[in-house]
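1. here's a sequence, model it:
(7 chains)
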Amino acid sequence: MKIRPLHDRLIVKRIEAERTTASGIVIPDSAGEKPDQGQVLAVGNGKILENGEVRKLDVKVGDRVLFGKYSGQTVKVDGEELLVMREEDIMGVVEL
Amino acid sequence: MKIRPLHDRLIVKRIEAERTTASGIVIPDSAGEKPDQGQVLAVGNGKILENGEVRKLDVKVGDRVLFGKYSGQTVKVDGEELLVMREEDIMGVVEL
Amino acid sequence: MKIRPLHDRLIVKRIEAERTTASGIVIPDSAGEKPDQGQVLAVGNGKILENGEVRKLDVKVGDRVLFGKYSGQTVKVDGEELLVMREEDIMGVVEL
Amino acid sequence: MKIRPLHDRLIVKRIEAERTTASGIVIPDSAGEKPDQGQVLAVGNGKILENGEVRKLDVKVGDRVLFGKYSGQTVKVDGEELLVMREEDIMGVVEL
Amino acid sequence: MKIRPLHDRLIVKRIEAERTTASGIVIPDSAGEKPDQGQVLAVGNGKILENGEVRKLDVKVGDRVLFGKYSGQTVKVDGEELLVMREEDIMGVVEL
Amino acid sequence: MKIRPLHDRLIVKRIEAERTTASGIVIPDSAGEKPDQGQVLAVGNGKILENGEVRKLDVKVGDRVLFGKYSGQTVKVDGEELLVMREEDIMGVVEL
Amino acid sequence: MKIRPLHDRLIVKRIEAERTTASGIVIPDSAGEKPDQGQVLAVGNGKILENGEVRKLDVKVGDRVLFGKYSGQTVKVDGEELLVMREEDIMGVVEL
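-> Below you'll find the model as predicted:
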């Protein structure tokens, strides 16, 4: 069972364990929205601009992305917890 | 008796039972808007963009869609409870 | 005496009795905005888009429409209570 | 002494007495914004759209219009109380 | 010493005395924003539209204008109290 | 050390002493945002419009400008207190 | 490990020590958002405009930039604390 996200939305699988890695990206417990990481499982066809154009997303399936911790909505697919969010919520792509 | 939705609206029949299926998509009882599933019964002609173009919807009749639990408005047609919502409220299409 | 609505507005005559019809559309007494039905008596020339185009309305005179219960403004014309609302407030056209 | 309204504004003279006419449009004392009637004395050159076009108003001098009771601003010209409002505030043109 | 207003702004000299003239425009002491009159001393080059066009203002130097009493910002130039406001704040041009 | 402002921002050096000059512009201590004067030290390349055009600013280096007292952000460069603000915050150019 | 920012976002490394330098830019402890400095480590491909155009950022890798103290989101990459922010949050480029 899969979810095909619409327009500028993405399906992201959160990477929880990475948060305690010493040399990796560590998100401090500061106030405000806390960034987090995940892997992109599916992307929508693109964002609909006001001139009618559909702009393909920059983020691709397989990308490791950085996003705000409370971004998106959580769903469970075949026992796996996933996130549905907009590309707008993605701060950057992590390059290892 | 049928409802023909206008513009970027859809008529969706909620699929309640799916929520307890072990291997299916399960929506956790977390805070905030809870996602849900339904089947699309009718779609509008498309969203009117500011350049005058009418953009056909990506969602089709028969699609199984994922949406926020409190999205849309409930109506009863011939004893059946339906939802009227905008494509914007649809997070993704479920592919079995 | 008649009212000619401007732009994307419509004149709608509410159909009150329909709400208790067993096989028709019944609006549950849930929280939030309650949908309702009416017949379109007059429509404006169309919505003015930002590119200067006037887009004709999809709703036509005689259509039976579904709308939010508190949508529009109530006026009495020749003893008859009517609603003035925008096409944006119309959720769909009821096809019998 | 006259006022020439700018852009999409109109000068309207309220028709107070009409509100108690048995066969005319009667505005009920319900909650929310109460509609009212008036005669258009002057109209602006048109609304400036974002594409630079100036769109002539649909409402003409002499039209009898329906508007929200608290729409516009009141001014007194030569002892006569007038309203300055935007065409956007006009719900429809009354045709007798 | 003069102020050259930017874009769609104007320099207006308020005409206070006119408010008690019997046959002129009198602004009632009602609730809300109270209209007022003034003479235009300088106008900006025009409003910048989103398509890059600069639209010249409709109001000209020397015009007598009607505006909301609390519109604009007050400055003193060579002992004279002036107002800087946007053309958007002008309701109409008074024609004597 | 210099700051090159981005887009539609400017670097302004406030002219404090001018506020008590008898024949100059005097800003009254009224409620609301109080206007102020300054000299433009640097301007950005221009405002990015939604059609992709970059519109050069009307304000030039050396101009004496009038702005709201609390507009912009204060920075100290080489011991000198400067303001970074948007052209939108500038009400007019003072011509002596 | 690196982060590639999306669209109009940048990766900035804050320059903390500069704040106490006598002849440099000193940010006063006033109310409101306090400006700060940093070095740009990475920039996105550009801002997506509503006409579909992607506008390259003005800020370049290596630029020293001035921004509001609480702008952006903090992440730690390989033990180093970085900021992810939008070009919109950048007030200017510091030229030494």
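
2. tell me the residues of chain A that contact chain E?
-> By CB under 8 Å from any CB of the partner chain, no part of chain A sits against chain E. C-beta: built from backbone N, CA, C; applies to glycine.

3. which stretches in chain A count as strands?
-> A:2-5, A:9-14, A:35-43, A:47-48, A:54-55, A:64-68, A:73-77, A:80-86, A:90-95 (DSSP state E).

4. same list, the ones you listed, but as TSV with distance to chain G please.
-> Putting those into TSV (distance: least, CB to the nearest CB, whole Å) gives the following:
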stretch	distance to chain G
strand A:2-5	16
strand A:9-14	12
strand A:35-43	5
strand A:47-48	8
strand A:54-55	6
strand A:64-68	6
strand A:73-77	20
strand A:80-86	11
strand A:90-95	4
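
5. comparing these by mean pLDDT, which bottoms out?
-> Mean pLDDT is lowest for strand A:73-77 among the strands of chain A, at a mean of 85.

6. check the offset of that strand from the chain's centre.
-> Computed by CA atoms, centre = their mean, to the nearest Å, the chain-centroid distance of strand A:73-77 equals 13 Å.

7. report the contact partners of the most centrally placed residue in chain A.
-> Nearest to the geometric centre of chain A sits residue A:12, at 4.5 Å (CA atoms, centre = their mean). The contact partners of residue A:12, by CB atoms under 8 Å, 6 or more residues apart in numbering or on different chains, come to A:38-41, A:65, A:67, A:72, A:82-85.

8. which member of these is positioned nearest residue B:1?
-> residue A:84 (33.5 Å; CB to CB).

9. ok, now which residue in chain A is the farthest from the centroid?
-> For chain A, the residue at maximal distance from the C-alpha centroid (CA atoms, centre = their mean) is residue A:51, at 26.2 Å.

10. I'd say that one and residue B:51 touch.
-> Yes. Between residue A:51 and residue B:51 a contact is recorded at 5.4 Å, counting by CB atoms under 8 Å.

11. in chain A, what residue lies closest to chain C?
-> Closest residue of chain A to chain C, CB to the nearest CB: residue A:50 (8.6 Å).

12. my read: that residue touches residue G:48, true?
-> No. Counting by CB under 8 Å, residue A:50 stays clear of residue G:48, with 11.2 Å between them.

13. between those two, point out the one with more neighbours.
-> Taking other CB atoms under 10 Å in any protein chain shown, residue A:50 and residue G:48 do not tie; residue G:48 has more neighbours (19 against 16).

14. the more buried one: what's it in contact with?
-> A:47, A:49, A:55, G:7-8, G:54.

15. and the buried ones among these, selectable in PyMOL?
-> Buried residues within the contacts of residue G:48, by 16 or more other CB atoms under 10 Å in any protein chain shown, are selected in PyMOL with:
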select buried, (chain A and resi 47+49+55) or (chain G and resi 7+8)
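
16. just the C-alpha atoms of stretch A:51-64, please, in PDB.
-> C-alpha atoms of stretch A:51-64 as PDB (Å, rounded to 0.1, in the frame of the first residue of the first chain):
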ATOM      1  CA  ASN A  51       0.200  31.400 -14.100                       C
ATOM      2  CA  GLY A  52      -1.000  27.800 -14.600                       C
ATOM      3  CA  GLU A  53       2.400  26.300 -14.700                       C
ATOM      4  CA  VAL A  54       3.200  23.200 -12.700                       C
ATOM      5  CA  ARG A  55       6.700  23.500 -11.200                       C
ATOM      6  CA  LYS A  56       8.400  20.100 -10.500                       C
ATOM      7  CA  LEU A  57       9.700  19.800  -7.000                       C
ATOM      8  CA  ASP A  58      13.500  20.100  -6.300                       C
ATOM      9  CA  VAL A  59      13.400  17.300  -3.700                       C
ATOM     10  CA  LYS A  60      13.600  13.800  -5.200                       C
ATOM     11  CA  VAL A  61      12.700  10.300  -3.900                       C
ATOM     12  CA  GLY A  62      15.600   9.000  -1.800                       C
ATOM     13  CA  ASP A  63      16.700  12.500  -0.700                       C
ATOM     14  CA  ARG A  64      17.500  12.900   3.000                       C
END
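
17. next one: that stretch to chain centre, how far?
-> In terms of CA atoms, centre = their mean, the centre of stretch A:51-64 is found 12 Å from the chain centre.

18. that stretch vs chain F: in contact?
-> No. With CB under 8 Å from any CB as the criterion, chain F is not reached by stretch A:51-64; the gap is at least 9.7 Å.

19. ok, whichever residue of chain A sits closest to chain E to chain B distance?
-> Proximity of chain A to chain E (CB to the nearest CB) peaks at residue A:50, 10.6 Å away. Separation of residue A:50 from chain B (CB to the nearest CB, to the nearest Å): 5 Å.

20. show the pLDDT at that residue.
-> The confidence metric pLDDT takes the value 78 at residue A:50.

21. who's in contact with it?
-> Contacts for residue A:50 (CB under 8 Å, 6+ apart) come out as B:49-51, G:50.

22. how about residue A:39?
-> A:12-13, A:15, A:62-65.

23. could you do residue A:86 as well?
-> Shown in contact with residue A:86 (CB under 8 Å, 6+ apart): A:8-10, A:72.

24. and of these, the nearest to residue C:3?
-> Within these, the smallest distance to residue C:3 is 41.4 Å, found for residue A:8 (CB to CB).

25. what's the closest non-adjacent residue to that closest one?
-> If the residues on either side of it in the chain are set aside, residue A:8 comes closest to residue A:47, at 3.8 Å by CB to CB, 6 or more residues apart in numbering or on different chains.

26. equivalent analysis for residue A:58, please.
-> Once flanking residues are discounted, residue A:58 sits nearest to residue G:6: 5.6 Å by CB to CB, 6+ apart.

27. what of residue A:49?
-> Nearest residue to residue A:49, sequence neighbours excluded (CB to CB, 6+ apart): residue G:52, at 5.3 Å.

28. related to what we said a few turns ago, just the buried subset of the contacts of residue A:39, written out for PyMOL, thanks.
-> Buried residues within those, by 16+ other CB under 10 Å, are selected in PyMOL with:
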select buried, chain A and resi 12+15+63+64+65
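
29. and the contacts of residue A:39, which two are furthest apart?
-> Across the contacts of residue A:39, the longest distance by CB to CB is 12.8 Å; it joins A:15 and A:62.

30. tell me the contacts of residue A:95?
-> Residue A:95 is in contact with G:1-4, counting by CB under 8 Å, 6+ apart.

31. so which of those residues comes closest to residue A:76?
-> Nearest to residue A:76, judged by CB to CB, of the contacts of residue A:95 is residue G:3 at 28.6 Å.

32. so what pairs up with the closest one in the strands?
-> residue A:94 (DSSP bridges).

33. for it, list the residues it contacts.
-> By CB under 8 Å, 6+ apart, residue G:3 lies in contact with A:25, A:66, A:91-95, G:11, G:42, G:75, G:77, G:82, G:84.

34. what's the distance between it and chain F?
-> Distance, residue G:3 to chain F, using CB to the nearest CB: 22 Å.
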